[in-house]
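> here's a sequence, model it:
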Amino acid sequence: MTSMLLNSVVLVLQETLEAALLISMLLVISYQQLSRTGWLPVGLLTGVIFSLGYASQMAVVSEWFDYVGQEVVNAMLQVLIVALIVVCSWALFKSRRINALGDRSKRNLFSALFTFSAAGAVALAITREGPEVFLYLNGFLQTSEHFQPVMIGSSIGFGIGVSIGILFFYGLLNLPDGWRVKVPVFFLALFAGNMLSQAVLQLIQADWISSARALWDSSGWLPENSIAGQLLYALVGYEATPSSFQIIAYAIGVTLVVGSAITANRIAKNV
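Below you'll find the model as predicted:
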């Protein structure tokens, strides 16, 4: 009973944490800079619907691409999430700069672009993380023996993940004025690097990318399955044994988000 409860806590926490942190970062930016949060319920609802659909077709999807369909689809979802985060970053800085110039119509246009991209990123993040939780819980719906500890453990894991996201949101919200945009965007850049690194790992597992030797092994002092390791994994993509391809993908993800913000800011200055 105890092992089932703990396994449920860990599994649901892992799947909840990334989405919770992404929502926190996007929400604090939207709340402070654009005064728009209507994208959140749209993203959540869409993500749950897509996630249920993905879970129901998991057996079919897994047979695609010579039985590596799940890995390939997950990698594609992660790449799309990164693309939407890049658009969010670009639209945010474009909107802020144009607002400083007093062009309200253009500001509204880029605010709407941010809203659409944020909702899409959240929906895809839930689509990526949700099916494993749904399939895991569905496996115990027919058995009364482990149902209670699994549901209790899953509720605890979900609650911890959401609580961390809320604490992260309020932590970012109470930063000094000069850091309220820079820090969330910096974490978004790290999150994007994490997504691309995970996408590469999925493609390595599918044999679409050649496996490479790990550059280092830090599992001795910070295991990935520890609470700190899981939090760092969700937030900045910590991995104890990363390959060179994953490090390159991580750097590309960070560069894309930071570069989009800098580019939007510089272009807007010339408007």
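
> now the helices: where do they sit in the protein?
Ranges of helices in the chain, per DSSP state H, are 2-29, 39-56, 58-62, 64-67, 69-100, 104-138, 147-173, 182-205, 227-236, 244-269.

> can you redo the ones you listed as CSV with distance to residue 213, mean pLDDT and mean neighbour count?
All C-beta spots, glycine's among them, are computed from the backbone N, C-alpha and C. Output for the helices of the chain, formatted as CSV (distance: least, Cβ to Cβ, whole Å; pLDDT from 0 to 100; neighbours: other Cβ atoms under 10 Å):
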stretch, distance to residue 213, mean pLDDT, mean neighbour count
helix 2-29, 26, 85, 21
helix 39-56, 33, 95, 18
helix 58-62, 28, 94, 14
helix 64-67, 25, 93, 12
helix 69-100, 21, 88, 22
helix 104-138, 27, 87, 20
helix 147-173, 33, 90, 17
helix 182-205, 12, 92, 22
helix 227-236, 21, 74, 17
helix 244-269, 8, 86, 18
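
> dump those to CSV, plus distance to residue 220.
As requested, these are exported to CSV (distance: least, Cβ to Cβ, whole Å):
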stretch, distance to residue 220
helix 2-29, 21
helix 39-56, 36
helix 58-62, 34
helix 64-67, 35
helix 69-100, 28
helix 104-138, 28
helix 147-173, 25
helix 182-205, 21
helix 227-236, 12
helix 244-269, 19
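
> and of those, who's closest to residue 216?
With Cβ to Cβ as the criterion, residue 216 lies closest to helix 244-269 of the helices of the chain, at 9.8 Å.

> can you give me the neighbour number for residue 238?
17 (other Cβ atoms under 10 Å).

> wait, isn't it in contact with residue 232?
Yes - between residue 238 and residue 232 a contact is recorded at 3.6 Å, counting by Cβ atoms under 8 Å.

> between the two, which contacts overlap?
Common neighbours of residue 238 and residue 232 (criterion: Cβ atoms under 8 Å, 6 or more residues apart in numbering): residue 222.

> that older thread, and the helices of the chain: which comes nearest residue 215?
Nearest to residue 215, of all those, is helix 244-269, at 5.9 Å by Cβ to Cβ.

> now do that closest one: distance to the chain's middle.
What separates the centre of helix 244-269 from the centre of its chain is 17 Å, taken as Cα atoms, centre = their mean, to the nearest Å.

> now that helix against helix 69-100, angle please.
Relative orientation of helix 244-269 and helix 69-100, computed by axes from the mean of the first three to the mean of the last three Cα atoms, to 10 degrees: 20 degrees.

> who does helix 244-269 touch, helix- and strand-wise?
Applying 3 or more Cβ pairs under 8 Å, 6 or more residues apart in numbering; DSSP states H and E, we find helix 244-269 packed against helix 69-100, helix 182-205.

> quick one: those as a markdown table, columns for distance to residue 211 too.
Compiled in a markdown table, the helices and strands packed on helix 244-269 are given as follows (distance: least, Cβ to Cβ, whole Å):
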| stretch | distance to residue 211 |
| --- | --- |
| helix 69-100 | 13 |
| helix 182-205 | 5 |
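
> ok, residue 188 to residue 160 distance?
22 Å (Cβ to Cβ, to the nearest Å).

> how about residue 138?
22 Å.

> check residue 262 too.
Relative to residue 160, and taking Cβ to Cβ, residue 262 is found at 36 Å.

> residue contacts, residue 162?
So residue 162 contacts 16, 20 (Cβ under 8 Å, 6+ apart).

> measure the spatially closest residue to residue 125 that is not a sequence neighbour to residue 44 for me?
With sequence-adjacent residues excluded and distances taken as Cβ to Cβ, 6 or more residues apart in numbering, residue 125 is closest to residue 19, at 4.6 Å. According to Cβ to Cβ, residue 19 and residue 44 sit 9 Å apart.

> what touches both of these two?
122, 126.

> straight-line length of stretch 173-184, end to end?
9 Å (Cα to Cα, to the nearest Å).
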